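Asks: Provided below for reference: sequence and predicted model.
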Amino acid sequence: MKRHFRVWRGDASGGELRDFDVEVNEGEVVLDIIHRLQATQAPDLACRWNCKAGKCGSCSMEINGMPRLGCMTRMSTFTEDETITVTPIRTFPVIRDLVTDVSFNYEKARETPAFAPPPGVAPGDYRMRQVDVERSQEFRKCIECFLCQNTCHVIRDHDENKPAFSGPRFFIRAAELDMHPLDDRADRKEYAQASQGLGYCNITKCCTEVCPEHIKITDNAIIPMKERVVDRRYDPLVWLGRKIFRRDELESASAKPSSAHPSAPHPPTANPSAANPPTVNPPMSSARLPQTAPVGPDGHMDIAELVAPQQGGLSPFGEDIEFPLPPEQISYHHPDPDKSPDH
Ligand code: SF4
Ligand code: SF4
Ligand code: FES
């Protein structure tokens, strides 16, 4: 049977949709049809692909306007008289035809601070509870197809937001590391908020909708990260600690204990020496640190902060949201560590 296709042909200087009538056989996917086009009518049609099994993340394209993997989109999902329009993913610059320049994502990957195990623990000596493995396993399924990046409205038609926004793929990386019991950086969520543009995300869940690995990007990564940023800002103990202790004492006290449950709060302590040993990982560049309330020369916050209507800065959720959120609005549940066997 012949089916009607419209495929975008062109390069960075411009292009157009071209019409093709192509043979389609039972069980084929859109990538099969692109290959047939290359074999029969358009030998110079550029398309990136590798595995044809939904595992390499190369064949991202927009099919009838929907970001999808060409190799995972069955022709049987379209009606027989439907025209199938195939265009390159829109958020990234076109190189040629269906091939785009996704180097933005690799730049953001390089900017994301790497896994930082505690000092003195050699590779091979790492031990994790199974529950912690399972929590981050979901995020490790990412095949880097960048469909979530492509669909996110923050950068889809807004190149100007790209320098300040890493995108959902890198929010799940930040969440994975933040939940990792052996990651020794205590400032993952502040970094996500201040330098990865977490605050730009307004939880539309479009990224989750297009993820071919069915990673719950918003529910399991973005929302918990946002909640934890808010916890840090609004937790009464942390708030009080900010008033009493110097910033360097708080930073030392909030260093993440490697054996603790990752969701455990980091209460301030008056005795930083009793906290975990300081990390050997260098601090993130000061230009990237989140901006908190200013401190005086003695290292203490101004007393005016006590009476300010909004201590600790503006809420990333907007000022009309009250915390704690009611349970029905919180969709992330930590697994019960007592029910999991030691690994
Ligand atoms: S939920 Fe956030 S990251 Fe995902 S598409 Fe919407 S704005 Fe972008
Ligand atoms: S999170 Fe999902 S949509 Fe985003 S790059 Fe990974 S696999 Fe693709
Ligand atoms: S060709 Fe590998 S995901 Fe489609």
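Replies: Sure, I can see it. Ligands and ions are numbered 1, 2, ... in the order given.
Asks: Three-state assignment for Met56, please.
Replies: Not Met; residue 56 is Cys. Following DSSP: H, G, I helix; E, B strand; the rest coil, the label given to Cys56 is coil.
Asks: what sits against the spatially closest residue to it that is not a sequence neighbour?
Replies: The shortest distance from Cys56 to any non-neighbouring residue, by CB to CB, 6 or more residues apart in numbering, is to Asn50 (4.0 Å). Where you see a C-beta, it was placed from the backbone N, CA and C, and this is true even at glycine. Contact analysis of Asn50 by CB atoms under 8 Å, 6 or more residues apart in numbering lists Cys56, Ser58, Cys59.
Asks: Report the secondary structure element holding Asn50.
Replies: According to DSSP states H and E, Asn50 maps onto no helix or strand at all.
Asks: give me the element Arg6 is part of.
Replies: With DSSP H and E as the test, Arg6 turns up in strand 2-11.
Asks: Revised request: answer the last question for Ala42.
Replies: Judged by DSSP H and E, Ala42 forms part of no helix or strand.
Asks: likewise Thr85?
Replies: With DSSP H and E as the test, Thr85 turns up in strand 84-87.
Asks: Can you point out the buried residues in stretch 12-30?
Replies: Arg18, Phe20, Val22, Val24, Glu28, Val29, Val30 (16 or more other CB atoms under 10 Å).
Asks: Would you work out how far apart the start and end of that stretch are?
Replies: Using CA to CA, to the nearest Å, one end of stretch 12-30 lies 24 Å from the other.
Asks: For it, what does the pLDDT average out to?
Replies: Averaged across stretch 12-30, the pLDDT comes to 96.
Asks: Spell out whether that stretch and ligand 3 are in contact.
Replies: No - on the criterion CB under 6 Å from any ligand atom, stretch 12-30 is out of touch with ligand 3, staying 8.8 Å away.
Asks: Next, the residues that contact that stretch from outside, please.
Replies: 1-10, 32-33, 36-37, 40-42, 61, 63, 68, 70-76, 84-87, 93-95, 97.
Asks: do the same with stretch 57-71
Replies: 29-31, 34, 47-54, 73, 78, 82, 84-90, 98, 143-147, 150-151, 210, 212.
Asks: Could you list the domains of this structure?
Replies: 2-100, 105-234+266-299+306-327 (automatic domain parsing).
Asks: Report how many residues lie close to whichever residue of the stretch 51-200 of the chain sits closest to ligand 1.
Replies: Of all residues in the stretch 51-200 of the chain, Cys152 sits closest to ligand 1, at 3.3 Å by CB to the nearest ligand atom. Counted by other CB atoms under 10 Å, the residues lying close to Cys152 total 24.
Asks: just checking, it touches Arg169?
Replies: No - using CB atoms under 8 Å, Cys152 makes no contact with Arg169, being 9.2 Å away.
Asks: And Gln130, how far from Ser136?
Replies: 11 Å (CB to CB, to the nearest Å).
Asks: Ok, Thr151 next?
Replies: If you go by CB to CB, the gap between Thr151 and Ser136 works out to 23 Å.
Asks: give the contact list for the residue of the stretch 51-200 of the chain closest to ligand 1.
Replies: Thr91, Gly167, Pro168, Cys201, Cys206, Cys207.
Asks: Greatest separation within those: which pair is it?
Replies: Maximum pairwise distance among the contacts of Cys152 (CB to CB): 14.9 Å, between Thr91 and Cys201.
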